[in-house]
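A.B. asks: just coords:
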């Protein structure tokens, strides 16, 4: 395996960060400084970063995090706005996230020590469902939502069919449950804008087999054994 991919799987940093470390002559393989990212390594190789041995581990950790609103899903600062890793323990700094939530959205984020986990969750072919609770105001007409739930083209972007459930309707607001199988960037916001509805609250409650359940805002916990088992079973289909 190429060293950048291998070290990323060991939660040392992103592939780009690893490549930067190589350019800075900070990585040794079997006692020699390497100068090219096209270097292949395995678990039996002696790899050092800044002269410190990197211990190989097969242990994969999958975490669930309840992202609060007004935080960016990123491990790098953007426009001086707070990021999720400002409130997540530093030991998880290099974990990868699956399914970004935008600045004003909240709910379930999946973090994993291995980028293949998050990549598999995001790949359309694996058909992991994302479930959201959405509260909107404006003139809500179910027939309009039912029509576009079969698939719609908005500003030259095709959105796949999704399912919905009306949780409750009040005088000024409607609360919906939406289940998506793709999850394009700002998909729900674009769909609601197309329907001339304003989103008051957007919260993801499920991502594939992983569920938010009673996890409170800003809380982080290990995914359950059953959730992880279901994740792997889905990949075998």
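C.D. replies: Happy to help now that I have it. The structure presented is a predicted model; accordingly, all values stated were derived computationally and were not measured.
A.B. asks: sheet partners, orientation included, of the helix or strand hosting residue 179?
C.D. replies: Taking DSSP states H and E as the criterion, residue 179 maps to strand 173-180. Sheet neighbours of strand 173-180, with direction, are listed as strand 130-137 (antiparallel), strand 163-169 (antiparallel) (DSSP bridges).
A.B. asks: in that strand, what's buried?
C.D. replies: By neighbour count on 16 or more other C-beta atoms under 10 Å, the buried set for strand 173-180 is 173-176, 178, 180. Where C-beta positions appear, they are placed from N, C-alpha and C, glycine not excepted.
A.B. asks: can I get the residues you listed in TSV with distance to residue 189 and pLDDT?
C.D. replies: Below are the buried residues of strand 173-180 laid out as TSV (distance: C-beta to C-beta, whole Å; pLDDT from 0 to 100):
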residue	distance to residue 189	pLDDT
173	16	95
174	16	97
175	16	97
176	13	98
178	12	98
180	12	95
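A.B. asks: how does the protein divide into domains?
C.D. replies: What automatic domain parsing lists as the domains of the chain is 3-53, 62-125+209-235, 129-207.
A.B. asks: quick revisit: after the strand holding residue 179 comes which helix or strand?
C.D. replies: Next element after strand 173-180 (DSSP H and E): helix 187-194.
A.B. asks: pull out the buried positions in that following helix.
C.D. replies: Using 16+ other C-beta under 10 Å as the test for burial, helix 187-194 gives 187-188, 190-192.
A.B. asks: verify the contact between residue 227 and residue 207 for me.
C.D. replies: No: the criterion here is C-beta atoms under 8 Å, and residue 227 misses it with residue 207 at 9.9 Å.
A.B. asks: packing partners for the helix of greatest length in the chain?
C.D. replies: The longest helix of the chain (DSSP state H) is helix 225-235. The elements that helix 225-235 packs onto, with contact taken as 3 or more C-beta pairs under 8 Å, 6 or more residues apart in numbering; DSSP states H and E, are strand 62-67, helix 115-122, strand 210-211.
A.B. asks: quick one: low-confidence parts of this structure?
C.D. replies: Scanning the chain for pLDDT under 70 picks out 58-59, 236-237.
A.B. asks: can you pull up the most central residue in it?
C.D. replies: The centre of the chain sits closest to residue 98, judged by C-alpha atoms, centre = their mean, with a distance of 1.7 Å.
A.B. asks: what bridges to that one?
C.D. replies: residue 110.
A.B. asks: contacts only, for it.
C.D. replies: 109-112, 117-118, 121-122, 207 (C-beta atoms under 8 Å, 6 or more residues apart in numbering).
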